[in-house]
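Engineer: okay, sequence plus prediction incoming.
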Amino acid sequence: MKKLLNTLYITRQETYIHKERETIVIKQGGEKLGQFPALTIGNILCFGLVTVSPPLMGYCGEQGIGLSFYTDYGRFLARIQGRQSGNVLLRRTQYRIADDEQKSNQIAQVMVGAKIANARSVLQRELRNHGENQAITEIVRRLADALKRCEKSERVEQTMGIEGEAASSYFSVFNELLRGSECTFDGRIRRPPTDPVNALLSFIYSLITQECVSALMGVGLDPYVGFLHQDRPGRPSLALDLLEEFRAPWADRFVLTLFNRKQLQSNDFKIEASGAIRLSDDARKKVLTAFQERKQEEVMHPYLEEKVPYGLLPHCQAMLLARHLRGDMAFYPPFLVK
């Protein structure tokens, strides 16, 4: 099993990161904030005014260390990419399947089916823990119906339509899962998020997407050519495909935990002139610390039948997808929770 490496989240503004022998050094002005062995780092995420030395950029590319840049409120900007690893024959197979409507849909069905099943499991967990809720029970029924329709879908567009309907149904009762929080949720709003819950959802989705990009590149797949999400310049379509399996059990439950435990309050967010909501600097650090801790927590993988840290789930699924595309496995086993 791949070792779970650390992720460096650089949130302090006007910091400078450079390479010193086999270590990564973080400075602000003349003050050294930290120094870490490069061999223990898997990803470096820079938020806002962070400068990275060219030698460190090159080193990250050579060593496969993910180096990503975000705005200070978490919107993804760019990623440094080194040489592509893996067998070119695997990527050519990926491209051929992506161009084949039937084969693409077979994989898309599995990923969307996993997303719907995982969302349904989150709602069923709510019913078990807090008793009967008519609205949630109705959505659980709708998601079960969507799952059946997904199994019979014949085209990617049809599968995508079912995914959209299921997501809309799921988020229609998401506010019911917020217990004791002063923050409420009136529906999924992405660009820009206009309430704290949407802002945090978008932020966590973005973080996990970059984890998926790194995992896919690590096994030799092209993260920009997907089976469910269509090609679009600059969009990591396959990473977004993989993200679907992790939205409800990883991202959504994590967001709910932070609000329901009152680790985040409305005053942890700021309103931009555009009306967009973003995390304050201190709150972002708090979220990233909690997110790193969640990545260390283990969950039982239903196919591998062993406990895996959340942070390694993208790697596990990328590895299984690569095996399927190579023909080593008859089907792609998605990540499912009970």
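Structural biologist: In hand now; what should we look at?

Engineer: give me the below-cutoff pLDDT ranges for the stretch 51-200 of the chain.
Structural biologist: Across the stretch 51-200 of the chain, the ranges flagged by pLDDT under 70 are 72-75, 81, 83-86.

Engineer: can you pull out the strands in it?
Structural biologist: Counting by DSSP state E, counting those that start in this stretch, the stretch 51-200 of the chain has strands at residues 66-70, 76-80.

Engineer: with distance to residue 155 and mean neighbour count added, can I get the ones you listed in a markdown table?
Structural biologist: C-beta: built from backbone N, CA, C; applies to glycine. Output for the strands of the stretch 51-200 of the chain, formatted as a markdown table (distance: least, Cβ to Cβ, whole Å; neighbours: other Cβ atoms under 10 Å):
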| stretch | distance to residue 155 | mean neighbour count |
| --- | --- | --- |
| strand 66-70 | 34 | 21 |
| strand 76-80 | 30 | 15 |
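
Engineer: mind checking these for the one nearest to residue 113?
Structural biologist: Nearest to residue 113, of all these, is strand 76-80, at 27.0 Å by Cβ to Cβ.

Engineer: between the strands of the stretch 51-200 of the chain, which one is nearest to residue 218?
Structural biologist: Among the strands of the stretch 51-200 of the chain, the nearest to residue 218 by Cβ to Cβ is strand 66-70 (9.2 Å).

Engineer: give me the helices and strands touching the closest one, please.
Structural biologist: Helices and strands touching strand 66-70, by 3 or more Cβ pairs under 8 Å, 6 or more residues apart in numbering; DSSP states H and E, are strand 41-47, helix 54-63, strand 76-80, helix 196-218.

Engineer: contacts for that strand?
Structural biologist: Residues outside strand 66-70 that contact it (Cβ atoms under 8 Å, 6 or more residues apart in numbering): 42-48, 50, 52, 56-57, 60-61, 76-80, 206, 210, 213-214.

Engineer: which residues in the chain form helices?
Structural biologist: In the chain, the helices defined using DSSP state H lie at 54-63, 88-98, 101-130, 134-151, 156-172, 196-218, 237-243, 253-260, 281-296, 313-326.

Engineer: that older thread, just the buried ones from the contacts of strand 66-70, in PyMOL syntax?
Structural biologist: Buried members of the contacts of strand 66-70, defined by 16 or more other Cβ atoms under 10 Å, are picked up in PyMOL with:
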select buried, resi 42+43+44+45+46+47+48+50+52+56+57+60+76+79+80+206+210+213+214
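
Engineer: ok, now which ones touch the most centrally placed residue in the chain?
Structural biologist: Among the residues of the chain, residue 208 comes closest to the average C-alpha position under Cα atoms, centre = their mean, at 2.1 Å. The contact partners of residue 208, by Cβ under 8 Å, 6+ apart, come to 243, 246, 250, 251, 314.

Engineer: if we go to 6 Å?
Structural biologist: Applying Cβ atoms under 6 Å, 6 or more residues apart in numbering, we find residue 208 in contact with 243, 246, 251.

Engineer: apart from its neighbours in sequence, what residue is nearest the last one?
Structural biologist: What it means is residue 251. Nearest non-adjacent residue to residue 251, counting by Cβ to Cβ, 6 or more residues apart in numbering: residue 204, 4.5 Å away.

Engineer: distance of that neighbour from residue 211?
Structural biologist: With distances taken as Cβ to Cβ, to the nearest Å, residue 204 is found 11 Å from residue 211.

Engineer: neighbour count winner among the two?
Structural biologist: A count of neighbours by other Cβ atoms under 10 Å puts residue 211 above the other of residue 204 and residue 211, at 26 against 22.

Engineer: so for that one, what's the pLDDT?
Structural biologist: Predicted confidence (pLDDT) for residue 211: 88.

Engineer: surely it meets residue 315?
Structural biologist: No. The pair residue 211 / residue 315 is not scored as a contact, 8.5 Å apart, by Cβ atoms under 6 Å.

Engineer: hang on, the earlier thing: which one of the helices and strands packed on strand 66-70 lies nearest to residue 329?
Structural biologist: Residue 329 lies closest to helix 196-218 among the helices and strands packed on strand 66-70, at 16.7 Å (Cβ to Cβ).

Engineer: only alpha carbons, please: show that closest one as CSV.
Structural biologist: This file holds the C-alpha atoms of helix 196-218, laid out as CSV (Å, rounded to 0.1, in the frame of the first residue of the first chain):
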residue,chain,number,x,y,z
PRO,A,196,-21.0,29.8,4.7
VAL,A,197,-22.1,26.2,4.0
ASN,A,198,-21.8,26.5,0.2
ALA,A,199,-18.4,28.3,0.6
LEU,A,200,-17.0,25.4,2.7
LEU,A,201,-18.4,22.7,0.4
SER,A,202,-16.8,24.3,-2.6
PHE,A,203,-13.5,24.7,-0.7
ILE,A,204,-13.4,21.1,0.4
TYR,A,205,-14.4,19.8,-3.0
SER,A,206,-11.6,21.8,-4.5
LEU,A,207,-9.1,20.3,-2.1
ILE,A,208,-10.2,16.7,-2.8
THR,A,209,-10.2,17.3,-6.5
GLN,A,210,-6.5,18.2,-6.4
GLU,A,211,-5.9,15.0,-4.3
CYS,A,212,-7.6,13.1,-7.2
VAL,A,213,-5.4,14.9,-9.8
SER,A,214,-2.3,13.8,-7.9
ALA,A,215,-3.5,10.2,-7.6
LEU,A,216,-4.4,9.9,-11.2
MET,A,217,-1.1,11.3,-12.4
GLY,A,218,0.6,8.9,-10.0
